[in-house]
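1. structure, please.
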Amino acid sequence: MIKILRQIFRTGIVTEPLPPEEGAVISEVGTKLEEAIRRRFMRSLTIRQVDAGSCNGCELEIHAVNNPIYNCERFGIHFTASPRFADMLLVTGPVSRNMEIALRRTYNATPPPKLVVAAGDCGCNGGIFGETYASLGGIDKVIPVDAYIPGCPPTPVALLNGILRAIGNK
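-> Numbers count the residues shown, from 1 in each chain. Here you go, the predicted structure:
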């Protein structure tokens, strides 16, 4: 254990800080997001992320939203493993035929009022996969969608803006 701690102290912080202009954008979006979350949900927004058949590019950006640089928790956004505790479903990828039933069940298990956000080009319209023998296309072919976040993959700032749009639409 001591050996690991020494290595951590020797290595130090290896992440790169955000450029100042992007940090300002994140703070601005975050402030609006925090106000909207407090107004609509009283304290925090709980999100259940669902991969409906993506290439995992969008998931990497969603993980970035959770990392110490973007730190979505400071704005009141929390992720959960259970749809029963979620206020919002953040769905990525085109809906594969194997995930159709699971996505419907997850949607039905989420208590009302629920929000659904389709993230990435694949979630919006099927992206490069489109509608094929293995893919049904965009998320809206299976469940109703409140907001779309285009991009392949969308940036963390775009994800935060899309979540803000979804909260503002209801």
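2. in the lengthiest helix in the chain, what counts as buried?
-> Of all segments of type helix in the chain, defined using DSSP state H, the longest is helix 20-41. Across helix 20-41, burial judged by 16 or more other CB atoms under 10 Å covers 26, 29-30, 32-34, 36-37. For every residue, glycine as well, the C-beta is placed using N, CA and C.
3. possible to save those as TSV with distance to Asn108 and pLDDT?
-> Listed next are the buried residues of helix 20-41 as TSV, based on distance: CB to CB, whole Å; pLDDT from 0 to 100:
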residue	distance to Asn108	pLDDT
Ile26	34	83
Val29	31	84
Gly30	32	82
Lys32	31	86
Leu33	27	82
Glu34	30	84
Ala36	26	84
Ile37	24	85
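4. you'd agree Thr132 is in a helix?
-> No - under DSSP: H, G, I helix; E, B strand; the rest coil, Thr132 falls outside any helix and is assigned coil.
5. returning to that earlier point: Lys3: which of the buried residues of helix 20-41 is nearest?
-> Of all the buried residues of helix 20-41, Lys3 sits closest to Ile26, with 36.1 Å by CB to CB.
6. so the closest one sits against Pro19, correct?
-> No - using CB atoms under 8 Å, Ile26 is not in contact with Pro19; the gap is 10.5 Å.
7. got a pLDDT number for Glu61?
-> We have a pLDDT of 89 for Glu61.
8. repeat for Pro94
-> For Pro94, the predicted pLDDT is 91.
9. which residues does it contact?
-> Residues near Pro94 by CB atoms under 8 Å, 6 or more residues apart in numbering: 52-54, 122-123, 126-127, 129-130, 135-138.
10. how does it look with 7 Å?
-> Pro94 is in contact with 52-53, 122, 126-127, 129, 135-138, counting by CB atoms under 7 Å, 6 or more residues apart in numbering.
11. do Glu100 as well
-> Contacts of Glu100 by CB under 7 Å, 6+ apart are 136, 142.
12. with that, I have no additional questions.
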